[in-house]
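Colleague: Give the three-dimensional model of this entry:
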Amino acid sequence: MHNELHQEQEQLQLYRTWPISQAHHNSATLKKKRKSAITFQRQLGKRIKHSVLKFH
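Modeller: Presented below is the predicted three-dimensional model:
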């Protein structure tokens with residue numbers, strides 16, 4: 001978790017040196033990736049809860 005934060009800070013520093021359009025494009029794709037990762041975790045959590053309920 002801490003490592004991910006560090007990577008994001010590095011990327012933010014890159015954005016300052018890159019052309020704005022490039023930085024904007026990359027941040028947009030990053031947000032999409034994060035969003036899909038979050039939804040995936042939520043689905044996984046639901047599945048785990050569901051399977052736990054089945055066992056009880």
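Colleague: what ranges of the chain fall below the confidence cut-off?
Modeller: 1-2, 12, 14-25, 55-56 (pLDDT under 70).
Colleague: what ranges do the strands span in it?
Modeller: Secondary structure of the chain by DSSP state E: no strands are present.
Colleague: all helices for it, in order.
Modeller: 2-17, 20-55 (DSSP state H).
Colleague: Reformat those into a markdown table and put mean neighbour count next to each item.
Modeller: Every C-beta, even on glycine, is put in place using the N, C-alpha and C of the backbone. Below are these laid out as a markdown table (neighbours: other CB atoms under 10 Å):
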| stretch | mean neighbour count |
| --- | --- |
| helix 2-17 | 10 |
| helix 20-55 | 10 |
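Colleague: In contact with L53, which residues?
Modeller: Applying CB atoms under 8 Å, 6 or more residues apart in numbering to L53 gives no contacts.
Colleague: ok, now how distant is it from K46?
Modeller: 11 Å (CB to CB, to the nearest Å).
Colleague: next one: S36
Modeller: Distance of S36 to K46, given as CB to CB: 16 Å.
Colleague: do L30 as well
Modeller: 25 Å.
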